[in-house]
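Colleague: 3D, please:
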Amino acid sequence: MELSFDGEIWYWRGPSPFHFVSVPPEESDQIHAVSALVTYGWGAIPVTARVGKTVWTTSLFPRSDGYAVPIKASVRQAEGLTLGATVHLTLTLDVAL
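Modeller: Residues are numbered from 1 along each chain as shown. Model (predicted):
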């Protein structure tokens with residue numbers, strides 16, 4: 001399953017601070033529909049993500065309104081991304097539909 005969308009990079013200042021992009025509602029609904037097939041606990045969902053030419057593996061984090069994609073520092077550096085930047089993301093979930 002492959003999903004593509006645009007989103008803004010935001011920063012979470014929790015005990016383990018990180019940069020994220022929120023998955024839009026339509027794509028979150030599609031992910032939720034297959035989540036039981038791919039989650040490995042507490043709702044985290046493994047994906048392959050791509051921004052620009054950079055590809056990495058990560059996990060989507062569940063949020064009350066959908067999912068959040070962590071954007072690693074190495075990805076932000078490689079693609080020249082900053083807080084508040086709008087990025088085009090492609091997510092691949094390993095699920096046969």
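
Colleague: what residues of the worst-scoring helix or strand of the chain on mean pLDDT count as buried?
Modeller: Evaluated with mean pLDDT, DSSP states H and E, the helix-and-strand set of the chain has its lowest mean pLDDT in helix 25-38, which scores a mean of 91. Within helix 25-38, the residues that count as buried by 16 or more other Cβ atoms under 10 Å are Glu27, Ser28, Ile31, Ser35, Val38. Just so you know, the C-beta spots here come from the backbone N, C-alpha and C atoms, and that holds for glycine as well.

Colleague: can you redo those as TSV, where the extra columns are distance to Lys53?
Modeller: TSV is the format used below for the buried residues of helix 25-38 (distance: Cβ to Cβ, whole Å):
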residue	distance to Lys53
Glu27	22
Ser28	26
Ile31	24
Ser35	29
Val38	25
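
Colleague: which outside residues touch stretch 85-97?
Modeller: Counting by Cβ atoms under 8 Å, 6 or more residues apart in numbering, stretch 85-97 makes contact with 1-9, 21, 23, 27, 31, 34, 37-38, 45-52, 60, 69, 71, 79, 81, all of which sit outside it.

Colleague: which of the residues you listed fall in helices?
Modeller: With helices identified by DSSP state H, the entries of the contacts of stretch 85-97 that belong to them are Glu27, Ile31, Val34, Leu37, Val38, Glu79.

Colleague: what sits closest to the most centrally placed residue in the chain if chain neighbours are left out?
Modeller: Central residue check for the chain by Cα atoms, centre = their mean: the C-alpha nearest the mean position is that of Val69, 2.2 Å away. Distance criterion Cβ to Cβ, 6 or more residues apart in numbering; nearest residue to Val69, sequence neighbours excluded, is Val21 at 4.8 Å.

Colleague: all good on my end, thank you.
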